[in-house]
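Trainee: Quick one, structure for this:
(one chain, ligands or ions: 1)
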Amino acid sequence: MPIYKSYFIPHSIQDALKVLESQTPESVRLIAGGTDLLLDLQQGRHPPLDALVDVTQIQEMQVLERRQDRLFIGAAVPLKQIASSALVREGAEALSEATGLIGGPQVRNTATLGGNVAHALPAGDGTISLVAMNATAQIANKEGLREVPLLELFAGPGKSKLRVCEDILVGFFVPVARTLQASAFKRVMRPQGVALPIVNMAVWIERSAEKIADVRIAVGPAGPTPQRGFSAENVLKGYRPDPDVIRLALDALLQDVHFRTSPQRGTAKYRRHLCGVLLKDTLETAWDRTFKK
Ligand SMILES: Cc1cc2nc3c(=O)[nH]c(=O)nc-3n(C[C@H](O)[C@H](O)[C@H](O)COP(=O)(O)OP(=O)(O)OC[C@H]3O[C@@H](n4cnc5c(N)ncnc54)[C@H](O)[C@@H]3O)c2cc1C
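Mentor: Sure thing, here's the model as predicted:
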């Protein structure tokens, strides 16, 4: 049995929406790089489809540019292009680092940020970095375009709130780091791992003199959806990231997030330990970067 019957390649968002509207939620999916979806179809985790709608030829979704104080990154821009962009490296370090670590070169040549987010895994590396950057998603439907904070997109593991026959992720707005602001992304993988991490983390930080003025922490997979460490952020604000403060922030973070024992990813205890290692490392890297801007 074929894994799909028809393959559409629209050149505009309106044409893609028309194809989606002509199908049922069970019969159609958007496809970008196909590095998640085609494997799911081929390996039977996803039932066969009537139609795939390829978004990679839609010009607006291939744009990567600065728009005032934000970057706009089209949902269909390949990860390799994001990872090698000077705009992203200078304005959103965590996103640059995360996209540069996903898969290997072949995956990054075709996989997209839109696919990473729409797949809605709690530890998508691109997703975790976007959450810490306070990014918003631009979504198209037949009423027009709307902007949604990233955390509001997720319903559960592998489940986004995007409506299959109505919504297309067009791109992401990412605030550009200003003076005294910086970010970092780190993760721990299985030694032979090319897929999702044991724990990943992104930190965005704003410094005021010698203190943390503002901070955002995103961590995965630490719950059914990508998680923000709101309590840990509150502990850190107003202090220097000294070892005692980081220890208190870790206690708060571990109250907010939930690590499961998993045969692929190790025990919950081990992953809680790694969370502490990553918090110190990622926070200190982002903090040090604020002095270089
Ligand atoms: C060998 C290998 C290694 C990998 N390593 C990693 C890793 O280290 N870290 C990591 O996070 N991921 C990893 N992945 C997963 C995958 O590569 C990423 O999630 C990738 O970003 C998915 O993008 P894609 O364009 O290929 O998505 P697709 O497979 O094309 O699509 C994925 C899902 O998103 C939907 N979708 C795609 N585009 C849109 C859009 N514009 N609007 C709405 N819905 C859309 C599709 O319908 C589908 O449900 C790996 C995969 C492989 C095969």
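Trainee: so what's the nearest residue to Gln59 once chain neighbours are set aside up against?
Mentor: Of all residues not flanking Gln59 in the chain, His11 sits nearest, at 7.5 Å (Cβ to Cβ, 6 or more residues apart in numbering). (Glycine included, C-beta is placed from N, CA and C.) Each residue near His11 by Cβ atoms under 8 Å, 6 or more residues apart in numbering is listed here: Gln57, Ile58, Gln59.
Trainee: Going by neighbour count, which of the residues you listed comes out on top?
Mentor: The member of those surrounded by the most neighbours (other Cβ atoms under 10 Å) is Ile58, with 24 neighbours in all.
Trainee: Quick check, pLDDT for that one.
Mentor: Ile58 carries a pLDDT score of 98 in this model.
Trainee: likewise Met189?
Mentor: You'll see Met189 listed with a pLDDT of 88.
Trainee: Up against the ligand, what does the stretch 101-250 of the chain have?
Mentor: Within the stretch 101-250 of the chain, the positions near the ligand by Cβ under 6 Å from any ligand atom are 102-103, 107, 111-112, 114-116, 118-119, 124-126, 162, 168-169, 194-196.
Trainee: Report how many residues lie close to the closest residue to the ligand within the stretch 1-150 of the chain.
Mentor: Across the stretch 1-150 of the chain, the shortest distance to the ligand (Cβ to the nearest ligand atom) belongs to Gly115, at 2.0 Å. Neighbourhood size, Gly115 [other Cβ under 10 Å]: 24.
Trainee: Quick check: it touching Thr35?
Mentor: Yes: if you go by Cβ atoms under 8 Å, Gly115 and Thr35 touch, sitting 7.0 Å apart.
Trainee: re earlier: now, the residues of the stretch 101-250 of the chain next to the ligand that are in helices?
Mentor: Val107, Gly114, Gly115, Asn116, Ala118, Asp125, Gly126 (DSSP state H).
Trainee: returning to that earlier point: give me the number of neighbouring residues for the residue lying closest to the residue of the stretch 1-150 of the chain closest to the ligand once chain neighbours are set aside.
Mentor: Leaving aside its chain neighbours, Gly115 sits nearest to Ala32 (4.5 Å; criterion: Cβ to Cβ, 6+ apart). Applying other Cβ under 10 Å, we find 24 residues neighbouring Ala32.
Trainee: Settle this for me: Ala32 is touching Thr112, isn't it.
Mentor: Yes: here Ala32 reaches Thr112: they are 4.1 Å apart, a contact under Cβ under 8 Å.
Trainee: joint contacts of these two?
Mentor: Residues touching both Ala32 and Thr112 (Cβ under 8 Å, 6+ apart) are Thr56, Ala75, Ala76.
Trainee: wait, what's in contact with the second one?
Mentor: Applying Cβ under 8 Å, 6+ apart to Ala75 gives the contacts 32, 55, 61, 112-115, 117-118, 168-172.
Trainee: Can you flag the buried ones in those?
Mentor: Taking 16 or more other Cβ atoms under 10 Å as the criterion, what is buried in those is 32, 55, 61, 112-115, 117-118, 168-172.
Trainee: In what element of secondary structure is Glu166 found?
Mentor: Using DSSP states H and E, Glu166 maps to neither a helix nor a strand.
Trainee: which SS class is Tyr270?
Mentor: When classified by DSSP: H, G, I helix; E, B strand; the rest coil, Tyr270 comes out as helix.
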